[in-house]
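Trainee: sequence? don't have it. structure:
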């Protein structure tokens, strides 16, 4: 236990201080209406996903969500955090992943254990659709503070998370995209990756000689080439990202942009949780106390913060106020 008072202790819990410098590699096809991002979380995937003891089917989906959010967030100009949230009536009641503009990444899933056990008994390798069930998918940009959030919500449609994301783009953003997601436990630990292509609208930045039919043909060629990427290639630590892009798109003259870093991004702290506790009345704090301690668990990093009850005073009623 730290000797620093809880409300002053802003230090992180003992979680990995991990940064992957070239986790996201943006790229484009010169003179073609195509740009994209190749996301490879590397050791960061294992550090994030092993914080929770989930079934591999759940871990795999969280890893895909982390890679997807990392890829989408780095395509935006924003301050704050960009998040994916899926809520359903299936075994996974909520799937959440978010990434800040600085590349701080985190995610977790809430599981209904009895429903998951029943599903796995019927299907040992359930689809994402079976894990989530019916519900909604939301993407949110949260600038923080008192600024308004920007959110898009659609019903969950599709068998995989990639298909669900594409349904969102088709219905809410009217964007032409292709999304490939991969997450598996390898000999080196869990790995997660994403390959995202986006069709550039209009003729800006591409060959002005390309008419609409030629642009469509270029897009078809790019997505066909991207689809040849195997899961093994996407997750292979020994295959450099720029080498994989060349392998896929060298006939189109692929060019890489500046790579982006990702880091272990849980933003919990004793100070933040202590300020939350101080907002509760003493009676509520007493009900939270077990063996003289109040325990608050961060859902993202799965770390238990312990606060001695005598150190948390709570929000007492002011004289004359009604309870």
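Mentor: Nice, thanks for sending it over. Note that the coordinates shown come from a computational prediction; the quantities given were computed from them, not determined experimentally. Numbering: from 1, shown residues only.
Trainee: can you pull out the strands in the stretch 101-250 of the chain?
Mentor: With strands called from DSSP state E, counting those that start in this stretch, the stretch 101-250 of the chain shows them at 104-111, 135-142, 150-155, 177-186, 189-199.
Trainee: Which other helices and strands does the second one contact?
Mentor: This means strand 135-142. With contacts taken as 3 or more CB pairs under 8 Å, 6 or more residues apart in numbering; DSSP states H and E, strand 135-142 sits against strand 81-88, strand 150-155, helix 161-168. Bear in mind the C-beta positions are built from the backbone N, C-alpha and C, glycine included.
Trainee: Helices along this structure, start to end?
Mentor: Remark: helices assigned in the chain by DSSP state H are 43-49, 56-73, 113-122, 128-132, 161-168, 212-226, 231-235, 241-249, 270-277, 282-288.
Trainee: Thought residue 248 was touching residue 228, still the case?
Mentor: Yes: using CB atoms under 8 Å, residue 228 is in contact with residue 248, at 6.6 Å.
Trainee: Determine which stretch of the strands of the stretch 101-250 of the chain is the most buried.
Mentor: strand 189-199 (a mean of 24; mean count of other CB atoms under 10 Å).
Trainee: wait, what's in contact with residue 44?
Mentor: Going by CB atoms under 8 Å, 6 or more residues apart in numbering, residue 44 touches 18, 20, 23, 105, 262-264.
Trainee: that older thread, shared neighbours of residue 228 and residue 248, which are they?
Mentor: Between them, residue 228 and residue 248 share no contacting residue under CB under 8 Å, 6+ apart.
Trainee: And the two? Which one has more around it.
Mentor: residue 248 (21 against 9; other CB atoms under 10 Å).
Trainee: Please tell me I have it right and that one contacts residue 254.
Mentor: Yes: proximity of residue 248 to residue 254 meets the contact threshold set by CB under 8 Å, at 7.4 Å.
Trainee: low-scoring stretches of the stretch 1-150 of the chain, by residue?
Mentor: Scanning the stretch 1-150 of the chain with the threshold set as pLDDT under 70 gives 1-15.
Trainee: So for stretch 29-41, what gets flagged as buried?
Mentor: For stretch 29-41, the neighbour count (16 or more other CB atoms under 10 Å) marks 29, 32-41 as buried.
Trainee: and if you look at stretch 67-83?
Mentor: The neighbour-count check on stretch 67-83 (16+ other CB under 10 Å) flags 67-74, 80-83 as buried.
Trainee: Contacts for that stretch, please.
Mentor: 23-24, 26, 37, 39, 41, 45, 84, 96-101, 103, 105, 107, 138-144, 147, 161-162, 165, 179, 181-183, 192-194, 196, 198, 260, 262.
Trainee: if we can go back for a sec, redo the strands of the stretch 101-250 of the chain as CSV? Include distance to residue 298.
Mentor: Listed next are the strands of the stretch 101-250 of the chain as CSV, based on distance: least, CB to CB, whole Å:
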stretch, distance to residue 298
strand 104-111, 9
strand 135-142, 18
strand 150-155, 23
strand 177-186, 22
strand 189-199, 20
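Trainee: follow-up on the earlier one: would you reformat the helices of the chain as TSV and include distance to residue 92?
Mentor: Putting these into TSV (distance: least, CB to CB, whole Å) gives the following:
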stretch	distance to residue 92
helix 43-49	14
helix 56-73	6
helix 113-122	8
helix 128-132	5
helix 161-168	11
helix 212-226	28
helix 231-235	21
helix 241-249	30
helix 270-277	25
helix 282-288	27
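Trainee: Lovely, talk soon.
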